[in-house]
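Participant: Give me the fold of what follows.
(4 chains)
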2 protein chains.
Amino acid sequence: MPAPGDAPARTWRAVLQHVEQRLLDGAVGPGDRLPSERDLAAELGVGRSSVREALRVLEVMGLIRTSTGSGPQAGAIVIAAPGGGLSALLRLQVAAHGFPIADVVGTRLILEQAVVTALAAGECDTTAVHRILDAMDEHLDPADFLALDAQLHLALAEASGNAVVAAMMTGLRDSIESYVLAGSDRVQDWQGMADRLRAEHRDIVRAIEEGRAEAAAALVRDHITGYYAATGLADADQTTH
Amino acid sequence: MPAPGDAPARTWRAVLQHVEQRLLDGAVGPGDRLPSERDLAAELGVGRSSVREALRVLEVMGLIRTSTGSGPQAGAIVIAAPGGGLSALLRLQVAAHGFPIADVVGTRLILEQAVVTALAAGECDTTAVHRILDAMDEHLDPADFLALDAQLHLALAEASGNAVVAAMMTGLRDSIESYVLAGSDRVQDWQGMADRLRAEHRDIVRAIEEGRAEAAAALVRDHITGYYAATGLADADQTTH
DNA sequence: GCCTAAACTGTGGTCAGACCACAGGAGGAT
DNA sequence: ATCCTCCTGTGGTCTGACCACAGTTTAGGC
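Facilitator: So this is what the prediction gives:
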């Protein structure tokens, strides 16, 4: 028996489940095209609006990409791009006060520490990381600098090989991007702050490459909490070890 | 300059941004009602279909709840319920092979360890946890047992006070619920497995209450990896310390 | 005057049809 | 062989209509 507050049969949910089932069956996978909206509607005996609402959900969740026109690239094709959906979800929840910013930062802290700990423990390819590190020496504009900073942290997450962690970290970062950017305005000596962040980045990467897991985790923790403290955002000092 | 592949002005996105802006402005918050679909359409000068597609997105992301009828409880009401949206997102991504199950389990491992570590480090209320613990002594059916197990882990996450972590853990768990359930069929001696899980749960809670953070983390790691190993799912032995 | 039941209003949910812009393929003209 | 035009099918959007539903209002009976 389902929960008493179960939804009373919404058509678009049926469409969603149908597509999800196709996904689970393996009938369609990344790269494949979904039937056209009109075909799907006729196949399921529902209106096109219901199909569209279901496809809209799949689109914002990063499961499909829709294109107009004709040919093999047109229509709804399955892409499994988790990043965008998570970012949108977290950003909206933060906007609606469902997620306190402190909790977002705290979660990022947990994931980042786990990432560098794992990287330090095993072999990993840091060429992409070093390229971003070098690029950050050039730029001085806060917005560009922070964009590269996000890329750097994402590169570390991807190097750890866990797609879920990488997607979540991207989403967490994106969801508070505007706050991070606004915080940069409150920094008096941005040049000094940038230099400090650069140095901390290189310290972290060095600790990873030398296999000092505990040190890398501590450096990351200080790196993140330090920036948020300096910019007047939440201290976010919880759920850390 | 935005990315070259920027979406060419989709109407429903404009509606979404409009609502998001209202959320950010604080013009509407949890508990408030959104304008009716027809009013919103007229206000923005768009069709009702576009409004509906935007509201559909907000609904699946757990931001609003829609009800038919009239009165104060009808219409689209802002609720900031992050759990459902995250669960749906992760479940769909797993279905579309965007997220390997091993990565989901690995991420859960990271978060659960962080949760118990934080709980052991500070004071926390474990009455809700103990209630679930006692309830698990009664039930024997695998499905019911695993449902209570999920509740237990969720209660721990909520006790840590981080809403984002709690929501993510719920989502991660839900997204692989079917696999976990299927795995229970492969267990020869379910009674023995249940007893083992019960004992492990109590060990974990005891370690938390006694402030043994390192031990609690280790117990949680063994608890989760042990079950997945016994049920033939991914060993998921990555990004742990 | 009070209570009950019917009618009303406004809501989301769904469908049908229409039109548009767009991208590719088919076909003929050069 | 090349280029150009027309055609087809796609998603994107709008409009109008109808339904089920839940409150609110009103009319009716007592």
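
Participant: and residue A:6, what pLDDT?
Facilitator: pLDDT, residue A:6: 60.

Participant: nope, residue A:97 is what I was after
Facilitator: For residue A:97, pLDDT reads 91.

Participant: cool, residue A:39 as well?
Facilitator: The model reports residue A:39 with a pLDDT of 97.

Participant: Report how many residues lie close to it.
Facilitator: 12 (other Cβ atoms under 10 Å in any protein chain shown). C-beta coordinates here come from the backbone N, C-alpha and C atoms, glycine included.

Participant: before we move on, what about residue A:65?
Facilitator: Counted with other Cβ under 10 Å, residues neighbouring residue A:65 total 16.

Participant: Against DNA strand C, how distant is it?
Facilitator: Using Cβ to the nearest atom of the strand, to the nearest Å, residue A:65 is found at 13 Å from DNA strand C.

Participant: ok so that residue is a strand residue?
Facilitator: Yes: using DSSP: H, G, I helix; E, B strand; the rest coil, the assignment for residue A:65 is a strand.

Participant: For chain A, just list every one of the helices.
Facilitator: A:11-25, A:37-44, A:48-60, A:82-95, A:101-121, A:127-138, A:142-159, A:163-175, A:177-185, A:190-209, A:213-230 (DSSP state H).

Participant: Tell me which other helices or strands the second one touches.
Facilitator: Think helix A:37-44. helix A:11-25, helix A:48-60 (3 or more Cβ pairs under 8 Å, 6 or more residues apart in numbering or on different chains; DSSP states H and E).

Participant: Could you give the separation of stretch A:111-124 from the chain centroid?
Facilitator: 18 Å (Cα atoms, centre = their mean, to the nearest Å).

Participant: can you check stretch A:44-53 too?
Facilitator: So, by Cα atoms, centre = their mean, the centroid of stretch A:44-53 is 30 Å from its chain's centroid.

Participant: TSV for the helices of chain A, including distance to residue B:67?
Facilitator: TSV is the format used below for those (distance: least, Cβ to Cβ, whole Å):
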stretch	distance to residue B:67
helix A:11-25	15
helix A:37-44	25
helix A:48-60	17
helix A:82-95	20
helix A:101-121	29
helix A:127-138	48
helix A:142-159	39
helix A:163-175	28
helix A:177-185	32
helix A:190-209	48
helix A:213-230	39
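
Participant: export those to TSV and tack on distance to DNA strand C?
Facilitator: Formatted as TSV, the helices of chain A follow (distance: least, Cβ to the nearest atom of the strand, whole Å):
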stretch	distance to DNA strand C
helix A:11-25	3
helix A:37-44	7
helix A:48-60	4
helix A:82-95	18
helix A:101-121	29
helix A:127-138	31
helix A:142-159	28
helix A:163-175	26
helix A:177-185	28
helix A:190-209	40
helix A:213-230	38
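
Participant: wait, which of those helices is closest to DNA strand D?
Facilitator: helix A:37-44 (3.9 Å; Cβ to the nearest atom of the strand).

Participant: Residues touching the lowest-mean-pLDDT helix or strand in chain A, excluding its own?
Facilitator: Every helix and strand in chain A was compared by mean pLDDT, DSSP states H and E; the lowest is helix A:177-185, with a mean of 88. Outside helix A:177-185, the residues that touch it by Cβ atoms under 8 Å, 6 or more residues apart in numbering or on different chains are A:101, A:142-143, A:146, A:150, A:173, A:190, A:193, A:227-228, A:231-233.

Participant: before we move on, what about stretch A:9-26?
Facilitator: Counting contacts by Cβ under 8 Å, 6+ apart, the residues outside stretch A:9-26 that touch it are A:7, A:28-29, A:34, A:40, A:44, A:46-47, A:50-51, A:53-55, A:57-58, A:63, A:78, B:56, B:91-92, B:95-96.

Participant: of the residues you listed, list those near DNA strand D.
Facilitator: A:34, A:55 (Cβ under 7 Å from any atom of the strand).

Participant: Centre of the chain to the least confident helix or strand of chain A, how far?
Facilitator: On Cα atoms, centre = their mean, the centre of helix A:177-185 falls 18 Å from that of its chain.

Participant: residues near residue A:143, how many?
Facilitator: 11.

Participant: For chain A, list the residues in contact with DNA strand D, please.
Facilitator: So chain A meets DNA strand D at A:34, A:36-39, A:48-49, A:52, A:55, A:66-70, A:74-76 (Cβ under 7 Å from any atom of the strand).

Participant: Write the PyMOL selection for whichever of the residues you listed are buried.
Facilitator: Only the buried entries of the residues of chain A next to DNA strand D go into this PyMOL selection, using 16 or more other Cβ atoms under 10 Å in any protein chain shown:
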select buried, chain A and resi 34+37+49+52+55+66+75+76
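
Participant: Save the helices and strands packed on helix A:37-44 as CSV, and put in mean pLDDT and distance to residue B:21 too.
Facilitator: CSV is the format used below for the helices and strands packed on helix A:37-44 (pLDDT from 0 to 100; distance: least, Cβ to Cβ, whole Å):
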stretch, mean pLDDT, distance to residue B:21
helix A:11-25, 96, 25
helix A:48-60, 98, 17
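
Participant: Check those for me and report the most buried one.
Facilitator: Counting by mean count of other Cβ atoms under 10 Å in any protein chain shown, helix A:48-60 has the highest mean neighbour count of these, with a mean of 23.

Participant: So what touches that one?
Facilitator: A:11-16, A:19, A:34, A:37-38, A:40-41, A:44, A:64-66, A:76, A:84-85, A:88, B:12, B:49, B:52-53, B:56-57, B:60-61, B:92.

Participant: quick one: the residue of chain A most remote from its centre from residue A:62, how far?
Facilitator: Using Cα atoms, centre = their mean, the residue of chain A lying farthest from its centre is residue A:45. It sits 36.4 Å away. Separation of residue A:45 from residue A:62 (Cβ to Cβ, to the nearest Å): 28 Å.
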